[in-house]
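Participant: sequence plus predicted model, see below.
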Amino acid sequence: MSAEKKGANRVRLILAPAAVKRLAGADIRCTPDVSLEYQRAAGRYVLRGRESGGAVKALGRYISFCADDGSQLAWFMRPDSLVANGDHAIVIAPALVGIEMFRFEHTYELLIARHTINEEEKGKRPTVSAQLIFRGWQGQLPLDLIERDKALAGTIAPEFFDRAGEPKQIPAAFVAAVHAVTAAANCLECRHTHFLVAKPAAVVGAVAAVSQAVALETAATDDQHTPIAISAG
């Protein structure tokens with residue numbers, strides 16, 4: 001059905017033209033690319049990914065991201081969207097593991113890849129490398145996670161086998177992420193994240209405090225420049 005594309009900084013699923021056409025026709029927009037960004041305030045490079053995708057009855061495609069140990073990451077922002085099955089959240093981190101899945105009916109393709117920053121000589125922009133962790137071809141999950149077996153969504157994943165028919169085990173650290181992405185590839189009109197989580201309360205509180213301080217400072221500055229009314233009486 002598809003094969004992974006390998007390059008200096010890319011490991012991703014390359015789908016057959018018929019699959020790409022069906023996804024476009026279903027208006028499912030999944031963006032697996034990971035970009036390198038520079039944070040001026042921190043003076044460091046980071047990686048930026050987008051949890052995105054969704055499903056219709058016959059097929060689905062989705063990608064999410066986790067930490068190198070498989071734990072959940074907090075999203076940086078969740079952009080509002082007028083359409084479903086597109087971008088759901090943006091994540092920024094020094095390293096990312098992408099969990100990418102394509103589903104057609106009850107057959108699944110899965111790719112897990114680790115994205116890291118390669119430090120170059122001082123003053124030079126670093127490069128990004130991708131390492132293949134797991135590749136599953138034509139995995140089978142004969143369940144209807146959209147309707148009849150919806151209660152199992154998020155707790156189960158397809159079974160994958162090698163060419164000799166022997167089971168291929170998903171690395172234990174990433175089983176939870178694969179369960180979540182399997183559910184996402186069956187999520188009709190998806191409008192929410194499946195594995196990235198909300199920012200910790202402490203971070204949200206800190207951002208709110210900074211915003212409030214800026215607002216107060218702005219208000220104080222405005223007061224200093226407000227003309228004083230003098231009555232004529």
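Facilitator: Ah, there it is.

Participant: show me the contact partners of stretch 81-88.
Facilitator: For stretch 81-88, the surrounding residues in contact (Cβ atoms under 8 Å, 6 or more residues apart in numbering) are 26-29, 31, 50-56, 78-79, 189-194, 196. Placement of C-beta: from N, CA and C, glycine included.

Participant: can we see that at 6 Å?
Facilitator: Applying Cβ atoms under 6 Å, 6 or more residues apart in numbering, the contact partners of stretch 81-88 are Ile28, Arg29, Arg50, Glu51, Ser52, Gly54, Glu189, Cys190, Arg191, Thr193.

Participant: and which of those residues is nearest Leu152?
Facilitator: Distance to Leu152, by Cβ to Cβ, is smallest for Cys190 among these, at 17.4 Å.

Participant: tally of neighbours for the closest one?
Facilitator: 22 (other Cβ atoms under 10 Å).

Participant: shouldn't it be within a helix?
Facilitator: No - counting by DSSP: H, G, I helix; E, B strand; the rest coil, Cys190 falls outside a helix, being coil.

Participant: which residues are in contact with it?
Facilitator: Residues counted as contacts of Cys190 (Cβ under 6 Å, 6+ apart) are Gly54, Ala84, Asn85.

Participant: which of the residues you listed fall in strands?
Facilitator: Gly54 (DSSP state E).

Participant: and the furthest pair within the contacts of stretch 81-88?
Facilitator: Arg50 and Glu189 (18.2 Å).

Participant: OK, contacts around Pro167?
Facilitator: Phe161.

Participant: could you give the bridge partners of it?
Facilitator: Beta-bridge partners for Pro167, by DSSP bridges, are Phe161.

Participant: and it, how far is that from Gly98?
Facilitator: 23 Å (Cβ to Cβ, to the nearest Å).

Participant: rewinding a little: buried ones among the contacts of stretch 81-88?
Facilitator: Using 16 or more other Cβ atoms under 10 Å as the burial test, the contacts of stretch 81-88 include Ile28, Arg29, Arg50, Glu51, Ser52, Gly54, Cys190, Thr193 as buried.

Participant: tabulate the contacts of stretch 81-88 (JSON lines), appending pLDDT.
Facilitator: Formatted as JSON lines, the contacts of stretch 81-88 follow (pLDDT from 0 to 100):
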{"residue": "Ile28", "pLDDT": "97"}
{"residue": "Arg29", "pLDDT": "96"}
{"residue": "Arg50", "pLDDT": "97"}
{"residue": "Glu51", "pLDDT": "98"}
{"residue": "Ser52", "pLDDT": "97"}
{"residue": "Gly54", "pLDDT": "97"}
{"residue": "Glu189", "pLDDT": "95"}
{"residue": "Cys190", "pLDDT": "97"}
{"residue": "Arg191", "pLDDT": "95"}
{"residue": "Thr193", "pLDDT": "96"}
